[in-house]
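Colleague: Below are the sequence and a predicted model for it; my questions follow.
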Amino acid sequence: MRKISADWLFNGKQLLANQTLILDDEGKVLEVQKGKMENASFHEGLVSVPFVNAHCHLELSHLRAALPQKTGMAGFVMALQGIRDNYSEEEKLQGVQDALQEMREGGIAAIGDICNGTSTLAAKTARPEFQFHNFIELFGLDPNQGENFFFKGLELLREFGRNTSITPHAPYSVSKVLRDKVLKYAERREWPVSIHLLESKEERQLFEDLEGPLMDFIFKIGAVFQAHTYKSPLDFILESLPTNCNALLVHCTEMKAEELQQIAEGWPKAYIVLCPLANQYIHDTLPDAKMFAQYPERICLGTDSLAGNHCLSIVGEMEALQTAHAIPAETLLRWASLNGAAALGIDQNYFEIQPGNRPGLIHFPSFSPDKITSGKIEFIQS
């Protein structure tokens, strides 16, 4: 038997003060008692279930600090296309390995990772302590090539194997043909999808006016954005988004309250994934976290990539939202852990402290609910 006392205990849903966690010899939870027990090991600060990075691009980890900030989406994508492959395979692999180590040291145990190739496979295989869900991300605006893009995605999916699904990239980067093939395939298999959505004003401008920086970029690369009657990127996605699949809608910095309500009421398995530090890096903006806090069970946190973020820290993402919007620490911790596990469809028992579960446990000594700041984190039960 093992007894762990802490100033603060986060069980996946609640932040509790002055608690003792009692585990059996296998690490399963027997009970939680109020107060500190004399024969328990005491941990200053916070003992918590681990964190989930619900949206990451590990394959871009070699691009830390390589792209300019505050370029907007079109500028970011153009800069990314210009340099992402100017690196050796060894440099790319090292970037992924370093990123995984950084995330582990930040208390992260599970990752929803966006994949456009197999460059992350070896590094992931070497780190079994992480739980991954791999999203094979598909692009393609040419409706005549929709089926070809789809089958290429299936080929990549087979290389990754289990815990993998295919997904559309974003409303502005897929044709209706490709959108429908991917989402109908997901609907039949009831597997999660992850879609970049309403990340920038440029995205709305493209759909509302058929012009702007994103349209200029599409024209520059020789693609065609077909004229249509969709009033917004959200309308384009919701027309085909299944209700039986977990849908991670990522960023949503430009989402309106009525759009959030529409999603919450009509798509019970949809989650919003906020990546505030990436939004600051690329767009110099933040999501309206207070608006999203109306649906506390449906919000997750992600870091996006090191091409568009300074770090891969879920604590940093929480700190940004608490500083800007005064979101309570208990709410942020739930967004950072159990909600992400639920959204990705991974083992939720590992991310919730309750009798019979064998949760992961991290120790965050410098934690304060009034001011979350980055600090040393260690796993005390993997």
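Modeller: Happy to help now that I have it. All of these numbers come straight from a predicted model, not from anything done at the bench.

Colleague: and K13, helix, strand or coil?
Modeller: coil (DSSP: H, G, I helix; E, B strand; the rest coil).

Colleague: Please enumerate the helices of this structure.
Modeller: Counting by DSSP state H, the chain has helices at residues 72-83, 89-105, 121-125, 146-160, 176-189, 201-209, 213-220, 233-238, 257-266, 276-283, 289-292, 314-325, 329-335, 338-344.

Colleague: of all these, which lies closest to L16?
Modeller: helix 329-335 (9.2 Å; Cβ to Cβ). To be clear about C-beta, it is placed using only N, CA and C from the backbone, and glycine gets the same treatment.

Colleague: wait, M255 sits on S200?
Modeller: No: the criterion here is Cβ atoms under 8 Å, and M255 misses it with S200 at 11.6 Å.

Colleague: just the helices of the chain: most buried one?
Modeller: helix 338-344 (a mean of 27; mean count of other Cβ atoms under 10 Å).

Colleague: Contacts only, for A54.
Modeller: G112, L248, Y271, V273, C300, L301, G302, N339, G340, A343, L344 (Cβ atoms under 8 Å, 6 or more residues apart in numbering).

Colleague: From these, pick the one nearest P50.
Modeller: G340 (10.0 Å).

Colleague: That closest one and Y172: what is the separation?
Modeller: Per Cβ to Cβ, to the nearest Å, G340 is found 25 Å from Y172.

Colleague: now swap in A6 and tell me
Modeller: 46 Å.

Colleague: who are the neighbours in contact with the nearest residue to Q348 once chain neighbours are set aside?
Modeller: Of all residues not flanking Q348 in the chain, A341 sits nearest, at 4.8 Å (Cβ to Cβ, 6 or more residues apart in numbering). Residues in contact with A341 (Cβ under 8 Å, 6+ apart) are V52, A110, D347, Q348, Y350, F351.

Colleague: Could you rerun that using 10 Å?
Modeller: Counting by Cβ atoms under 10 Å, 6 or more residues apart in numbering, A341 touches 12, 49-52, 54, 109-110, 112, 131, 133, 300, 347-352.

Colleague: Could I get the contacting residues of D142?
Modeller: Per Cβ under 10 Å, 6+ apart, neighbours of D142: N148, F149, S175, V177, L178, A223, V224, Q226.

Colleague: Give me the contacts around stretch 208-224.
Modeller: 71-75, 77-78, 81, 139-143, 170, 172-173, 175, 200-207, 225-228, 230-233.

Colleague: Can you give me the end-to-end span of it?
Modeller: This stretch, stretch 208-224, spans 16 Å end to end (Cα to Cα, to the nearest Å).

Colleague: can you tell me which residues contact the nearest residue to A343 once chain neighbours are set aside?
Modeller: In space, and not counting its chain neighbours, A343 is closest to Y271: 4.1 Å by Cβ to Cβ, 6+ apart. Applying Cβ under 10 Å, 6+ apart to Y271 gives the contacts 54, 192, 194, 246-250, 263, 295, 297-300, 335, 339-340, 342-344.

Colleague: again, only this time at 8 Å
Modeller: A54, N246, A247, L248, L249, R298, I299, C300, N339, A342, A343.

Colleague: Over to P233?
Modeller: A170, P171, Y172, L197, L198, E203, R204, L206, F207.

Colleague: can you check G360 too?
Modeller: Here G360 is in contact with V49, P50, A109, Y350, F351, F379, Q381, S382 (Cβ under 8 Å, 6+ apart).

Colleague: tell me the strands in the stretch 1-150 of the chain, going along the chain?
Modeller: Along the stretch 1-150 of the chain, counting by DSSP state E, counting those that start in this stretch, strands occupy 2-10, 15-23, 29-34, 41-48, 51-56, 108-115, 131-138.

Colleague: Okay, now the sheet partners of the third one, with direction.
Modeller: The one in question is strand 29-34. Each strand paired with strand 29-34, and its direction, by DSSP bridges: strand 15-23 (antiparallel).

Colleague: swap in the fourth one?
Modeller: Strand pairing for strand 41-48, using DSSP bridges, gives strand 2-10 (parallel), strand 361-364 (antiparallel).

Colleague: Let me know which of these is tucked in deepest.
Modeller: strand 361-364 (a mean of 24).

Colleague: Give me the local confidence score for G222.
Modeller: Looking at G222, its pLDDT reads 88.

Colleague: Tell me the spacing between it and Y172.
Modeller: Counting by Cβ to Cβ, the separation of G222 from Y172 is 16 Å.
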